[in-house]
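**Student:** All I have is the shape, not the residue letters:
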């Protein structure tokens, strides 16, 4: 058993034989509404090589949107949490690792007053994400990357009761760092 654990540990920790990555990114998005501030949040992700230039990824993210009610001084939040699973195709171009990615998202939205009073809960819904990533290696273990992508949710949340704001699809930009092991 000790020999098996030693072999597994050496495979995972040897950068020549293993190709895993853990990343953290800060996200900024826009739900295409002029009465609402930009969304902001973060995402944590694990990825692994499937075959040569193809990797799969799984992750979890959190975002929050803030906006003001037009007829009162109340401020509202929409909190979005969700899981993602996808695949990316990677190519190296002029020492920059570029990749196209596509994935499935499973999100949950909550509409709250800034006093943490829950107004509406959307439940969960499926969606997808598509995008482009460019990563610059800092050293053998670390990358810094930026993303430009599009996220779509199948169950758009409309807050017609107070503000006529629809959520569900948005263009996302993010910057992050990845540890490769």
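**Tutor:** In hand now; what should we look at? Predicted, not measured: the structure shown is a model, and the values here were computed from it.
**Student:** per-residue pLDDT, the residue nearest to the spatial centre of the chain?
**Tutor:** Note on the chain: the residue nearest the mean C-alpha position is residue 43, at 4.6 Å, using Cα atoms, centre = their mean. On pLDDT, residue 43 comes in at 95.
**Student:** ok, residues contacting whichever strand or helix holds it?
**Tutor:** Using DSSP states H and E, residue 43 maps to strand 39-51. Residues from elsewhere that reach strand 39-51 (Cβ atoms under 8 Å, 6 or more residues apart in numbering): 19-31, 55-65, 80, 84, 87-88, 170, 174, 176, 178. Bear in mind the C-beta positions are built from the backbone N, C-alpha and C, glycine included.
**Student:** Repeat that for stretch 133-142.
**Tutor:** Residues from elsewhere that reach stretch 133-142 (Cβ under 8 Å, 6+ apart): 15, 88, 95-101, 143-147, 177-181.
**Student:** Can you give the distance of that stretch from its chain's centre?
**Tutor:** Taking Cα atoms, centre = their mean, to the nearest Å, the mean C-alpha location of stretch 133-142 is offset from the chain mean by 18 Å.
**Student:** Give the buried residues for it.
**Tutor:** Of all the residues in stretch 133-142, those buried under the rule 16 or more other Cβ atoms under 10 Å are 133, 135, 137.
**Student:** again with stretch 91-102
**Tutor:** Buried, per 16+ other Cβ under 10 Å, within stretch 91-102: 97, 99, 101.
**Student:** What pairs with the host helix or strand of residue 79, parallel or antiparallel?
**Tutor:** If you go by DSSP H and E, residue 79 is part of strand 75-93. Take DSSP bridges as the rule and strand 75-93 pairs in its sheet with strand 54-68 (antiparallel), strand 96-113 (antiparallel).
**Student:** Can you name the residues bridging to residue 146?
**Tutor:** Under DSSP bridges, the residues paired with residue 146 across the bridge are residue 134, residue 175.
**Student:** Let me know the angle separating the strand holding residue 43 from strand 54-68.
**Tutor:** 170 degrees (axes from the mean of the first three to the mean of the last three Cα atoms, to 10 degrees).
**Student:** quick one: contacts for the closest residue to residue 27 other than its chain neighbours?
**Tutor:** Distances taken as Cβ to Cβ, 6 or more residues apart in numbering put residue 174 closest to residue 27, at 4.3 Å, once the chain neighbours are dropped. For residue 174, the contacting residues are 25-28, 43, 146-147, 149, by Cβ under 8 Å, 6+ apart.
**Student:** Distance check, residue 174 against residue 41.
**Tutor:** 9 Å (Cβ to Cβ, to the nearest Å).
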